[in-house]
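Asker: Got a predicted model here, sequence first, then my questions.
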Amino acid sequence: MEYVVELFKKLGLSSSDAKVYMTLLLKGPSSQTRIAELLMMHRPQVYASLKRLAMKGLVEILGGRPSIYKAVKPEILLKIFDKEMKNLIKNARRELDAIKISPKELDYGVWMLRSYKGMLLKAETLIEKAQIDLAVCGSEEFILRTLKKLNEAKKRGVLVYIIVYSGRNKIKNISTIKKLFNKVKWAISGDIMVVADSKEAVLIQRRIKDYGLYIREPVLIDYLLHDFFNRWVRGKTISDEPIQLPKRFTIHRLALLEARRLLKSGKKLRARIKGRHVEQDEFRVIKGEVSNVVLNFSTGLMHFILNTGDKIVKVGGPDAIAEDYAAYEIKLEEVG
């Protein structure tokens, strides 16, 4: 009954209206007096409910003395609700579209989210917005919830990396996930996280109810991606097929991992990297052949070594200090 009452409230009706409707469903066609007796309500109150229900098309009236009222079938109720909600959304969208929203948006910041449903919707929005790559980790339930949107992202060329948490239990839908995605790892536990194009992230705490963060802070996002990379390297492989070139990355460490794998397979690679000159702090586009990849887990040094034709340069991640350049976007392609 609780959900029926909520449904009626969405239609602009009251809990009394819901009770009258449900009584007619359970007891069959009845008069106003009979309904009042069954619900122990005053007749004027029942009459008002019947009038509202009739105006919504939820009861039918058989004329006579006294009039007999009959509830429409539940499927009709649901169709009426669906139509009203669509009209409501349509009208609301028209009004919202007419509003001139300020184009100003803060480049950096961390916002607190206190609604679990809101967090999930925000995470799904980031998946829809991604253009280059996605780092996603979460419970099997979360991955299945976002499966369609993740698959749509993959189809439009986004590189999708997924870490599934399942504790000590087996992943029940592993075949479904593995069939759709070729970059999937398994880990025991962790927080739910989505990072899109290394620019925006949603982090949902699993241990604290209704608490999460929406992040547009480059330093914090880099920390999240560093943690994701470490989990990816240590995680149990479900699917990890070689990438198809050309491919773009914003996640520097994963680009290094993929490039090293391709180099070891005998492929020759070129890279086009958008980034910043570390010493001069100027934006640059660097092109060259990938002569080597450094992934030193003990020292933390991780960078590309590029032969640009006239010099050899080292390209690190966004926080590069020891390298010549700090990369924001990397495009890998095969030579020859």
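Answerer: Happy to help now that I have it.
Asker: Surely Ala259 touches Leu295?
Answerer: No - the pair Ala259 / Leu295 is not scored as a contact, 9.5 Å apart, by Cβ atoms under 8 Å. Any C-beta I mention is one placed from the backbone N, CA and C, and that applies to glycine too.
Asker: which of these two has more neighbours?
Answerer: Set Ala259 next to Leu295 and count neighbours by other Cβ atoms under 10 Å: Ala259 wins out with 22 against 13.
Asker: where does that one fall, helix, sheet strand or coil?
Answerer: The three-state label given to Ala259 by DSSP: H, G, I helix; E, B strand; the rest coil is helix.
Asker: Quick one: residues contacting it.
Answerer: Leu269, Ala271, Val290, Val293, Phe304, Leu332 (Cβ atoms under 8 Å, 6 or more residues apart in numbering).
Asker: Now do the contacts for the last one.
Answerer: Spelled out, it's Leu332. 243, 245-249, 255, 258-259, 262, 269-271, 290.
Asker: top of those residues by neighbour count?
Answerer: Ala255 (28 neighbours).
Asker: Which residue is the nearest non-sequential neighbour of it?
Answerer: Phe249 (3.7 Å; Cβ to Cβ, 6 or more residues apart in numbering).
Asker: in the stretch 101-250 of the chain, which segments are predicted with low confidence?
Answerer: Applying pLDDT under 70 to the stretch 101-250 of the chain picks out residues 101-106.
Asker: all strands of it, in order?
Answerer: Counting by DSSP state E, counting those that start in this stretch, the stretch 101-250 of the chain has strands at residues 110-113, 133-139, 159-165, 183-187, 192-196, 200-204, 212-215, 236-240, 247-249.
Asker: Each with direction, which strands does the fourth one pair with?
Answerer: Taking DSSP bridges as the criterion, strand 183-187 pairs within the sheet with strand 159-165 (parallel), strand 236-240 (antiparallel).
Asker: In the last one, which residues are buried?
Answerer: Of the residues in strand 236-240, those scored as buried under the neighbour-count criterion (16 or more other Cβ atoms under 10 Å) are Ile238, Asp240.
Asker: Residues in contact with that strand: which ones?
Answerer: Outside strand 236-240, the residues that reach it (Cβ under 8 Å, 6+ apart) are Val164, Ile171, Ile174, Ile177, Lys178, Phe181, Asn182, Lys183, Val184, Lys185, Trp186, Ala187.
Asker: Now render these as TSV, adding distance to Ala123 and neighbour count.
Answerer: Compiled in TSV, these are given as follows (distance: Cβ to Cβ, whole Å; neighbours: other Cβ atoms under 10 Å):
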residue	distance to Ala123	neighbour count
Val164	15	23
Ile171	20	18
Ile174	21	16
Ile177	17	20
Lys178	22	13
Phe181	17	20
Asn182	22	18
Lys183	18	23
Val184	18	24
Lys185	19	20
Trp186	20	18
Ala187	18	16
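Asker: can you list the domain ranges for this structure.
Answerer: Domain segmentation of the chain under automatic domain parsing yields 2-95, 115-240, 247-334.
Asker: Lovely, talk soon.
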